[in-house]
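> Attaching a predicted model along with its sequence, questions to come.
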Amino acid sequence: MKLNTVLKIVCLSLTAFILFWIFVMSAQNADESSKTSKNVGQIVAPVINRDFNKMTEEQKEEYVSEIDHEVRKTAHVTEFFALGALLFLDFYLFKIRKPFCALFAFLSGVVFASLDEIHQIFIPGRAGMVTDVLIDAAGITGGIAAAFLLVLIIERIKKRKKAS
């Protein structure tokens, strides 16, 4: 099997996985989503606050609650960063020119982010928010930029190897 075919299969599989992951996370009701967010908050809290382990249990709970909003928004950016990068690579591997890869990846990602927020309207205790679509779009843009840069670096390395 050609390397390009393997890369297509891997990238498309990872894209399908991240789409599924985002859908599953959005399908959590408000209580499940809060629990997931707090669990992540308890993991990252000691990393961002050196004194976290010195706090009382009550102080730890309060601190995790204080950073909950940032944890949630960081999760949005991270998920959609991965999606943006993968969508760009998917289009690129199918031999679409880089500027169009970026455009198609951005549009596809924002459409999915919008549909994801609409989906949340139907989940108990959740809401669809335009601000989340904007945060998702920022993540998508960052992912596209990172993938674009990676592709440029790889192409430049290949070009240098051919020239030598």
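Alright, I've got the coordinates.

> and the closest residue to R72 other than its chain neighbours, what helix or strand is that in?
Setting aside the residues directly before and after it, R72 is nearest to S37 in space (C-beta to C-beta, 6 or more residues apart in numbering), at 5.4 Å. Using the backbone N, CA and C atoms, a C-beta is placed for each residue, glycine as well. Following DSSP states H and E, one finds S37 within helix 30-48.

> Run a quick neighbour tally on N29.
11 (other C-beta atoms under 10 Å).

> Got the phi and psi for it?
phi -70, psi 170 (degrees, to the nearest 10).

> Can you classify the residue lying closest to it once chain neighbours are set aside as helix, strand or coil?
Distances taken as C-beta to C-beta, 6+ apart put P124 closest to N29, at 4.5 Å, once the chain neighbours are dropped. Here P124 is recorded as coil under DSSP: H, G, I helix; E, B strand; the rest coil.

> Could you check how far P124 is from K162?
58 Å (C-beta to C-beta, to the nearest Å).

> Equivalent analysis for L149, please.
L149 is 21 Å from K162, by C-beta to C-beta.

> Please say which of the two ends up with more neighbours.
Neighbour totals were compared for L149 and K162, and L149 leads with 10 against 7 (other C-beta under 10 Å).

> Near the residue nearest to N29, how many other residues are there?
Neighbour tally, P124, other C-beta under 10 Å: 9.

> wait, it sits on Q28?
No. The pair P124 / Q28 is not scored as a contact, 9.8 Å apart, by C-beta atoms under 8 Å.

> Tell me where the protein has helices.
3-26, 30-48, 57-66, 68-93, 98-121, 130-163 (DSSP state H).

> what's the shortest one packed up against?
Okay, so that is helix 57-66. Helices and strands touching helix 57-66, by 3 or more C-beta pairs under 8 Å, 6 or more residues apart in numbering; DSSP states H and E, are helix 30-48.

> Run the angle between the helix it packs on and helix 57-66 for me.
Per axes from the mean of the first three to the mean of the last three C-alpha atoms, to 10 degrees, the angle that helix 30-48 makes with helix 57-66 is 110 degrees.

> Pull out the buried positions in helix 30-48.
Buried residues in helix 30-48, counted by 16 or more other C-beta atoms under 10 Å: S33, S37, K38, V40, G41, Q42, A45.

> Could you find the closest non-adjacent residue to the last one?
The reference is to A45. F52 (4.7 Å).
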